[in-house]
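>>> I'll drop the sequence and a predicted model, then ask my questions.
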Amino acid sequence: MIVYDADGKEYLIEETDLKGGESKLYTVEKHPELRAKIFKEEYRTRGREAKILEWENMIERNELNKSFCDQVVVPKKCLYLQKNNQKSSGFAGCLMDEQANFKNIKEIYTAKDLSYPEKVWIARNLCVLTNRIHELKREVIIGDYSNIIVFPANGTVKLIDVDTCQLVTIYRNKRVLCPCTVGVRELIAPEIAGRLKKEKTDLENVDQDADNPIFNKYTDFYAMAYHIFALLMNGSSPFASMANMEAISQHPSKNVSSIDIDQFHAAEKGEFVFVRHFLFKKAPEYAPKYKMLSQELRKLFERAFIGGAKDPTVRPDAMEFYNALTEYFQSLKKCECGHYMPSNYKGECEWCRINRAEG
Ligand SMILES: [Zn+2]
């Protein structure tokens, strides 16, 4: 298949077996370092094109430095299906750098081949990435935090598919919202889920504008905190819980199936089972003990998941987490068993305990 950039330059592209919900990836002839992302027809919208052009503009105006581009896979060129004289038309997708040897951040949560300090380091890099995006002009918000990839070899964290990011463009002197229309349920802040439920709509159709967007920096802080928690807690969601059989057995009238362990309900109510006691519920056994985390980190998680459920503005920002994670990273010491634990933690090695429990 042949596509063109805005200047009419031609690219011969070939389909790969990599595809997402909205697009497919193609190799680019004579450019092994590039990939073309071609949207499915129904996603070739004016809004997506406007966003990609905005990123192209940011590159041209030198608003993105080298270290930014090391962490964010920025679309390089908009691609079109037709070439008409000097102009191209029929928006199809974009051109970007090829990425290899990475894993999605979700696979890192429980990866056995990475040490605990490496996971803490990755969490710290996620804070740097979040901060870089929020520092940009044009009010860029990540929105869909499932687009985070990690290079296990050096712990680099990158944001891909930035065409899903939310941003604001100026059109005829007016601020125009280019929304983020995708998201993964567990990474979506509870107030977003609440608004969608109340307005009986979804991310694609919700009524929003530049002054009242559905995603904002506080919803990004929620998803960031969720990833950090899962990285530090062996893949546990902050709202994962299990029925406390011991407590249930003491209440003969209580039925296991009536215990609400739905993590989305818990997130909306700020029921953070790691800190507060909820009758009949307890933290999952595969997660290390919460008190293993430093006091500073625990304070931040409580703001993110308890306070933040009522008032999203109290969620910690990227630099607060960055500082707490740096300190925690420095406190980790290798135990005799080969695992890493905070040096001031008094209890037994949590990783040995979890390994035993998993049998
Ligand atoms: Zn151990």
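On my side now, so go ahead.

>>> Whatever residue of the stretch 1-150 of the chain ends up closest to the ion: neighbouring residues, count only.
Going by C-beta to the ion, the ion is nearest to residue 116 of the stretch 1-150 of the chain, at 10.0 Å. C-beta here means a position set from N, CA and C on the backbone, and glycine is covered the same way. Residue 116 is flanked by 20 other residues according to other C-beta atoms under 10 Å.

>>> For it, which non-adjacent residue is spatially closest?
In space, and not counting its chain neighbours, residue 116 is closest to residue 340: 4.3 Å by C-beta to C-beta, 6 or more residues apart in numbering.

>>> show me the residues around that neighbour that make contact.
115, 116, 117, 332, 333, 334, 351 (C-beta atoms under 8 Å, 6 or more residues apart in numbering).

>>> swap in residue 36?
So residue 36 contacts 3, 11, 13, 25, 26, 27, 28, 79, 93, 94, 95 (C-beta under 8 Å, 6+ apart).

>>> Confirm that the third one sits in a helix.
The reference is to residue 13. No. Residue 13: not assigned to a helix; according to DSSP: H, G, I helix; E, B strand; the rest coil it is strand.

>>> and the residue nearest the centre of the chain, what does it touch?
Nearest residue to the geometric centre of the chain (C-alpha atoms, centre = their mean): residue 145, 2.1 Å. Neighbouring residues of residue 145 by C-beta under 8 Å, 6+ apart: 184, 187, 220, 223, 224, 226, 227.

>>> Using PyMOL, define a selection of the buried residues within the residues you listed.
PyMOL command restricting the contacts of residue 145 to the buried ones, with burial defined by 16 or more other C-beta atoms under 10 Å:
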select buried, resi 187+220+223+224+226+227
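
>>> Need the worst-confidence member of the contacts of residue 145.
Least confident entry in those, by pLDDT: residue 184, with 93.

>>> Please report phi then psi for that residue.
With angles defined as degrees, to the nearest 10, residue 184 sits at phi -100, psi 130.

>>> Also residue 94?
With angles defined as degrees, to the nearest 10, residue 94 shows backbone torsions of phi -150, psi 170.

>>> That one contacts residue 73, doesn't it?
No. The criterion here is C-beta atoms under 8 Å, and residue 94 misses it with residue 73 at 10.3 Å.
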